[in-house]
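Participant: Requesting a structural model of the entry that follows:
(chains A and B)
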Amino acid sequence: MRSLGERLNLLRKVPFENANLINIKCGPGAAVLPADVTRIHMDFAIHLKGGHMGARKFWKEYLPRLKYHNPAIPMIVNRHDQNQNPPTMTIYLRNKSSSAAAAPESPSSSSSSPPSEQQQVAQPSSSRTGLSKAQPPTADERVVHIDMTNKHSSHILEFFMAETRAVPLQPTNEEIAEMQALETLRRNAEVDRERMRQLREEKKREEDMLKRARAAGGMAEQEEA
Amino acid sequence: MAPIDRCLASVARLTLSQQSIRPAAPLIPRFLAPALIQSRQASVVRTKKTKKKTVPKDFKRHNLEKREFPQFTLCDAMRVLRAVEVGQPPASIKYEIHINLKTARNGPVIKNSIRLPHPVQSDWQIAVICPEGSDIATAATAAGAVAVGEETLFEAIRQEKIDFDRLICHENSEKALNKAGLGKILGPKGLMPSKRMKTIVSDVVKSIRDSAGAADYRERQGVIRMAIGQLGHTPDQLKANIQALLKKVKSECAEISEEVSKEVHEVILSTTNGPALSLNSRLNDPESGVTVEALSGVM
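Facilitator: Next comes the predicted model:
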């Protein structure tokens, strides 16, 4: 079993991208979506051919952060093998009139629970085999499509933020301190790594020299004999 | 005659000097030789100095509070894990639990199976070895076995056509099973029926029903690891599963601990691709700003 310090380092630093705590809380994509966003659907191919890379990177880099700060909003990813179809993102927004009616009785967090019950019937969960197509919007919803073909993931994020009018979250002081601590750790590690590399190189050079000297000396002795 | 003698001697010296590559050992006076040889032998022997590493009797378990190790409520942990696993098909992603035990390195280990309130995997493929065409065979098929029989099943296993993940044997077929000699194929897969594993039984139907929703767990290196839920489970379902498992493990610890002490030290929740988060035995913290409902919907 791993020791506690090792486990703490794994939680703080980088086992995989976005699987550590600080990376999932802060960074681009850390934003609170307004209450009228009911769900998000992404549709792109598993393979990158045909401009599907940005969509995939958006899913890998920014969607975890969005999901962390908006745990109640379903974010469905549908991957398939039809590379000729353009990768699209569908954002489902509640209509102005119905959102005004729904807002007083159920603000922010609980407002998304009744639609999520409806969606359990309507919207299948994420799929790797193209089984969860984007559903047509329900009566009180409208949809916004974003075409993600040949776009960079950060570009897609800009579109997304503009369409949803999401509020980006600023990191708290603790989080900033944590990030700075990790940054200093990283820089120190780089210095140390360089130092150790030089030490090892020095040692290896000396060993090589000795070896060469011995080999040459051995040859000379044999010749003499 | 003297000059000839001298000549011979010089010739002899010449021949000697040509063979001077020979080791010089015979030239060394006798009284010195044993001492030299002795010292060399001793030096060779003494290089084999190995310090024996002492292993502590118990597994090392740190005090989490003292070290201020981050611990999470179940809802907080699920929030992080669901965020990491966003967009993955929920059927293929599982919640995992790791129970660290405070226990000795040797001694009895915990090993059992449990029926979780909300099973992780519900469609077990069970095969039954029993006399062909008997009542037992028909009953087993009715209870949901995918393969039934004796020689036909053995033949399929020999050809490595194993499309089941549980194998149950009826008492009457035990001899036939032993005669077939399938231990080499089934053993490594952990499918070989045995009395100790309770997979050689008299009542096949009851066994099928018991093992259908059951999951095995065992202690390895002082840790019990197990799949505890699907990604689609709600916090309440997951909580029920974890509580059921912990209750059972704790009772087993109490049973064992008459001879040795064994207790639950830490519970860790993780997912297939996610980080491992230590749990602090609470469902939700009202200050964290995440509700149980928020974590219950579609991902």
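Participant: all helices for the stretch 151-299 of chain B, in order.
Facilitator: B:151-158, B:174-180, B:183-189, B:204-212, B:235-256 (DSSP state H, counting those that start in this stretch).
Participant: Tell me which helix or strand the closest residue to chain B within chain A sits in.
Facilitator: Here the residue of chain A nearest chain B is A:Val77; by C-beta to the nearest C-beta that distance is 3.1 Å. Glycine gets a C-beta too; all of them are placed from N, C-alpha and C. Using DSSP states H and E, A:Val77 maps to strand A:75-80.
Participant: Past that strand, which element shows up next along the chain?
Facilitator: Toward the C-terminus, strand A:75-80 is succeeded by strand A:88-94 as the next helix or strand (DSSP H and E).
Participant: Run a quick check on B:Glu85 versus B:Gly274, I expect a contact.
Facilitator: Yes. Counting by C-beta atoms under 8 Å, B:Gly274 is a contact partner of B:Glu85 at 6.0 Å.
Participant: Which residue ranges make up each domain of chain A?
Facilitator: Domain assignment of chain A by automatic domain parsing yields the ranges A:16-170, A:172-225.
Participant: Please identify the most buried of those.
Facilitator: Comparing these by mean neighbour count (mean count of other C-beta atoms under 10 Å in any protein chain shown), domain A:16-170 comes out on top with a mean of 18.
Participant: Do you know the pLDDT at A:Val32?
Facilitator: With respect to pLDDT, A:Val32 has a value of 90.
Participant: Just want the residue of chain B that's nearest chain A.
Facilitator: Scanning chain B for the residue nearest chain A gives B:Gly87, at 3.1 Å (criterion: C-beta to the nearest C-beta).
Participant: Chain neighbours aside, what residue packs nearest to that residue?
Facilitator: Excluding its sequence neighbours, the residue lying closest to B:Gly87 (C-beta to C-beta, 6 or more residues apart in numbering or on different chains) is A:Val77, at 3.1 Å.
Participant: my guess is that neighbour meets A:Ala45, correct?
Facilitator: No. Using C-beta under 8 Å, A:Val77 is not in contact with A:Ala45, being 11.6 Å away.
Participant: any chance you could map the helices in chain A?
Facilitator: According to DSSP state H, chain A carries its helices in the segments A:4-12, A:21-25, A:53-61, A:63-69, A:96-105, A:108-111, A:113-122, A:153-164, A:173-224.
Participant: Who are the packing partners of the lengthiest strand in chain A?
Facilitator: As assigned by DSSP state E, the longest strand anywhere in chain A is strand A:37-45. Packing partners of strand A:37-45 (3 or more C-beta pairs under 8 Å, 6 or more residues apart in numbering or on different chains; DSSP states H and E): helix A:53-61, strand A:75-80, strand A:88-94, helix A:113-122.
Participant: which bits of chain B sit near chain A?
Facilitator: B:21, B:59-60, B:62, B:64, B:67, B:69-70, B:79-80, B:82-84, B:86-90, B:92, B:100, B:221-223, B:232, B:273-277, B:290-291, B:293-299 (C-beta under 8 Å from any C-beta of the partner chain).
Participant: The same query, at a cut-off of 6 Å, please.
Facilitator: Contacts of chain B with chain A, taken as C-beta under 6 Å from any C-beta of the partner chain, map to B:21, B:62, B:67, B:69, B:79, B:83-84, B:86-87, B:89-90, B:275, B:290-291, B:293-295, B:297-299.
Participant: Apply the buried test to these and list what passes.
Facilitator: B:69, B:79, B:83-84, B:86-87, B:89-90, B:275, B:290-291, B:293-295, B:297-299 (16 or more other C-beta atoms under 10 Å in any protein chain shown).
Participant: Nearest residue to the middle of chain A?
Facilitator: In chain A, the centroid-proximal residue (C-alpha atoms, centre = their mean) is A:Glu61; its distance is 2.3 Å.
Participant: And that residue, how far from A:Leu182?
Facilitator: 18 Å (C-beta to C-beta, to the nearest Å).
Participant: now do A:Ile46
Facilitator: Relative to A:Leu182, A:Ile46 is positioned 33 Å away (C-beta to C-beta).
Participant: any low-confidence regions in chain A?
Facilitator: The model of chain A has pLDDT under 70 over residues A:1, A:14-19, A:97-123, A:218-225.
Participant: Apart from its chain neighbours, what residue comes closest to B:Arg225?
Facilitator: Spatial nearest neighbour of B:Arg225, chain neighbours left out: B:His98 (5.1 Å); criterion: C-beta to C-beta, 6+ apart.
Participant: that older thread, TSV for the helices of chain A, including distance to chain B?
Facilitator: Below are those laid out as TSV (distance: least, C-beta to the nearest C-beta, whole Å):
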stretch	distance to chain B
helix A:4-12	5
helix A:21-25	6
helix A:53-61	5
helix A:63-69	4
helix A:96-105	15
helix A:108-111	6
helix A:113-122	4
helix A:153-164	14
helix A:173-224	10
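Participant: Among those, which comes closest to B:Gln121?
Facilitator: Comparison of the helices of chain A against B:Gln121 by C-beta to C-beta identifies helix A:113-122 as nearest, at 21.5 Å.
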